[in-house]
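Participant: Pasting a predicted model and its sequence here:
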Amino acid sequence: MGSSIWNRPERGTRGPAPGHSRDAIVAAAVVLADAEGLAAVSMRAVAGALGTGAGSLYRYLSSRDDLLDLMTDAAMAEMRPYPDGDRPWPDAMLTVARRQLELYRRHRWLIDAATRPAAPGPNVLEYFDHCLRLLAPVDCPDAAKFEAIAMVTGVVTLFARSEGAYPLDGVDPVAHPHLAAALSRPSSAPRTDLFDRSVRSLLSGLLAPG
């Protein structure tokens, strides 16, 4: 296996001087993914958006996987600024989770891109570092904290994926009377409240003392 994108220079030393920066390539790829989804992001499509040939991108990147790694890390930079540690840790972690949900709403492709096996970039590492800093007051093993961070991301992913999915209009009240009755009653809990309660319950369940 070759080195990760994070261990290589921004561009190779051979060939003509490149006409685009790595950041410009990533920005074009993010715009494309936001508009058309992750499947639309290919080296050829991104090169076309930049008005150049696909071959020119290989002066900066070895593969599409490199591009996806860079896109993921660039998107994670939008999580900043992170909350400071002057609030109770559950409140601070909930703020991080809300910000992550907003990020996934802006970049729907990020859910799939971020779950690929890849070496973490600097912004991904910063995310974990800040989460661990917020969880520093919690008296539990680091492994439990990593599990909690991962599970919060799982909740964020679930909510981001489920928005607008599986409409339940037109349920037959004869075939499914309980479901039809439940859907006919107005919800008393806004979705935001459900998200907040889910994150808080998860954190307290995983990181509660003893």
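Facilitator: That came through fine. Numbers count the residues shown, from 1 in each chain.
Participant: So this structure: which segments form each domain?
Facilitator: The chain is divided into the following domains under automatic domain parsing: 5-72, 76-207.
Participant: Columns mean pLDDT and mean neighbour count on top of those, output as a markdown table?
Facilitator: Bear in mind the C-beta positions are built from the backbone N, C-alpha and C, glycine included. As requested, the domains of the chain are exported to a markdown table (pLDDT from 0 to 100; neighbours: other C-beta atoms under 10 Å):
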| stretch | mean pLDDT | mean neighbour count |
| --- | --- | --- |
| domain 5-72 | 87 | 16 |
| domain 76-207 | 88 | 14 |
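Participant: For the spatially closest residue to D84 that is not a sequence neighbour, which residues are in contact?
Facilitator: Counting by C-beta to C-beta, 6 or more residues apart in numbering, A92 is the residue found nearest to D84 once chain neighbours are left out, at 7.6 Å. A92 makes contact with P83, D84, G85, L134 under the criterion C-beta atoms under 8 Å, 6 or more residues apart in numbering.
Participant: want to try CSV for those, with distance to A150 and secondary structure as columns?
Facilitator: Supplementary listing: those in CSV, determined by distance: C-beta to C-beta, whole Å; DSSP: H, G, I helix; E, B strand; the rest coil:
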residue, distance to A150, secondary structure
P83, 19, coil
D84, 23, coil
G85, 21, coil
L134, 15, helix
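Participant: Spell out which two among those are the most distant pair, please.
Facilitator: Maximum pairwise distance in those, criterion C-beta to C-beta, is 8.7 Å, between D84 and L134.
Participant: before we move on, which element is the residue nearest to D84 in?
Facilitator: Taking DSSP states H and E as the criterion, A92 maps to helix 89-106.
Participant: In the chain, which helix is the longest?
Facilitator: Counting residues, the longest helix found in the chain (DSSP state H) is helix 142-162.
Participant: which residues touch that one?
Facilitator: By C-beta under 8 Å, 6+ apart, helix 142-162 touches 93, 96-97, 100-101, 104-105, 108, 111, 128, 131-132, 135, 138, 191, 195, 198-199, 202-203, 206-207.
Participant: Could you export it as CSV, CA atoms only?
Facilitator: Provided in CSV are the C-alpha atoms of helix 142-162 (Å, rounded to 0.1, in the frame of the first residue of the first chain):
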residue,chain,number,x,y,z
ASP,A,142,-10.4,6.5,27.0
ALA,A,143,-11.8,3.5,25.1
ALA,A,144,-15.3,4.3,26.4
LYS,A,145,-14.9,7.9,25.3
PHE,A,146,-13.9,6.8,21.8
GLU,A,147,-17.0,4.5,21.7
ALA,A,148,-19.2,7.4,22.9
ILE,A,149,-17.9,9.7,20.2
ALA,A,150,-18.5,7.0,17.5
MET,A,151,-22.0,6.3,18.8
VAL,A,152,-22.9,10.0,18.7
THR,A,153,-21.8,10.1,15.1
GLY,A,154,-24.0,7.1,14.5
VAL,A,155,-27.0,9.0,15.9
VAL,A,156,-26.2,12.0,13.8
THR,A,157,-25.9,9.8,10.7
LEU,A,158,-29.3,8.1,11.5
PHE,A,159,-31.1,11.4,11.8
ALA,A,160,-29.4,12.9,8.7
ARG,A,161,-30.3,9.8,6.6
SER,A,162,-33.9,9.5,7.9
